[in-house]
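Q: Got a predicted structure here, sequence first:
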Amino acid sequence: MNVRMKSFVSSNDWKFGRRKLPMIGKNLRALASTAVLVCAATWAYGIGVSSNLMVNGSFEDGLKGWRYQYNQHGGESWYADNDKMVSIVDRMDGKVSVLAIKPTYSKTWLEGGVKVDSAPIPIDSTGGAKYRLTVTAKSTGPNCRILLEGYKWRPGIKPHDNPDWTELRREYKFAQVYFTGSGKGGAVKVETKSKGTLTGKPQAGPGGEDAAGSGDFGGVKKMWSTGSTTFPDEHMTELAKGMYEQCKFVCLHVVGIGMIIGVDEYKKRDDCYLYVDDIKLERIK
Ligand SMILES: [Ca+2]
């Protein structure tokens with residue numbers, strides 16, 4: 001990962017994690033204690049310990065950093081009214097500032113759902129780094145499809161600090177986050193599916209989204225539960241590995257799609273929401 005990408009994250013964590021220790025003179029106690037502090041900071045904030053790379057993953061800054069309007073570019077007319085079904089609620093079952101996606105029946109079952117995408121997050125895809133994604137969600141109606149997507153620079157774009165969507169090309173789709181907790185006493189069970197899948201083949205449904213009828217959803221529960229994935233997959237094929245290593249960024253793709261309640265009930269109700277919060281992307285190696 002180069003320095004420009006690090007600065008894009010604007011996170012002291014990265015700077016701490018990679019900063020070289022200062023040169024220490026034999027008798028310079030002050031400098032030595034500085035070095036101890038830097039070491040401590042490296043341990044506390046550096047690689048291997050919690051430091052959230054996700055931009056505004058707790059939604060405390062509203063929808064800042066999240067893309068939810070898709071009517072600026074051609075070919076996205078299906079999502080022209082997407083932004084009307086995305087909001088932040090102040091409080092929801094013990095959490096504050098929560099993403100709320102409210103797909104109509106038509107959106108969630110017949111169309112491509114309602115979606116948001118995180119800001120592009122720089123990753124180190126070639127240096128042996130490993131990452132863990134954690135997402136907490138609940139639903140009063142819609143199911144979900146939540147996964148990371150890998151992006152590289154479009155041809156001819158000179159890499160810089162602040163990529164626009166039009167400058168990036170999707171290269172890779174990671175495994176979905178599944179919420180398979182039993183919900184027993186509010187306990188959270190996490191299932192990891194780490195097998196990445198390649199893009200490049202035609203996909204059913206509008207906007208590159210798989211059709212709702214494919215049934216491959218995250219299985220979000222009616223109460224809060226947490227799902228997690230790690231990447232890269234250790235068992236990638238050479239082809240997949242080659243594509244993964246071209247990825248310079250990942251974005252989290254969150255879609256309210258499918259249903260966890262019956263069709264008739266969904267159609268009747270006007271309070272069918274997918275709620276998402278506490279999204280973390282951590283470098284774990
Ligand atoms: Ca929150």
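A: Cool, got the structure.
Q: Just the buried residues of whichever strand or helix holds L99, please?
A: Per DSSP states H and E, L99 falls inside strand 95-101. Buried positions in strand 95-101, judged by neighbour count with 16 or more other C-beta atoms under 10 Å: 95, 97-101. Placement of C-beta: from N, CA and C, glycine included.
Q: got it, and stretch 251-266?
A: Buried, per 16+ other C-beta under 10 Å, within stretch 251-266: 251-261, 266.
Q: Helices of the stretch 1-150 of the chain, start to end?
A: In the stretch 1-150 of the chain, the segments counted as helices under DSSP state H, counting those that start in this stretch are 3-9, 12-18, 29-45, 105.
Q: Which one of those helices has the poorest average confidence?
A: Across those, helix 12-18 has the smallest mean pLDDT, namely a mean of 32.
Q: Redo the buried residues of stretch 251-266 as TSV? Include pLDDT, distance to Y131 and secondary structure.
A: Listed next are the buried residues of stretch 251-266 as TSV, based on pLDDT from 0 to 100; distance: C-beta to C-beta, whole Å; DSSP: H, G, I helix; E, B strand; the rest coil:
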residue	pLDDT	distance to Y131	secondary structure
C251	97	13	strand
L252	98	12	strand
H253	97	15	strand
V254	98	17	strand
V255	97	21	strand
G256	97	24	strand
I257	96	24	strand
G258	94	26	strand
M259	95	31	strand
I260	96	28	coil
I261	96	33	coil
Y266	97	35	helix
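Q: Of those, just say which sits nearest to the ion.
A: Taking C-beta to the ion as the measure, the ion lies nearest V254 of the buried residues of stretch 251-266, at 13.8 Å.
Q: for the closest one, what are its contacts?
A: 99, 101, 115-118, 135, 144, 146, 276 (C-beta atoms under 8 Å, 6 or more residues apart in numbering).
Q: what are the bridge partners for it, then?
A: Here V254 shows beta-bridge partners V116, I146, assigned using DSSP bridges.
Q: my read: V220 touches I261, true?
A: No - assessed by C-beta atoms under 8 Å, V220 is found out of contact with I261, at 11.4 Å.
Q: Model confidence for L110, exactly?
A: pLDDT for L110: 86.
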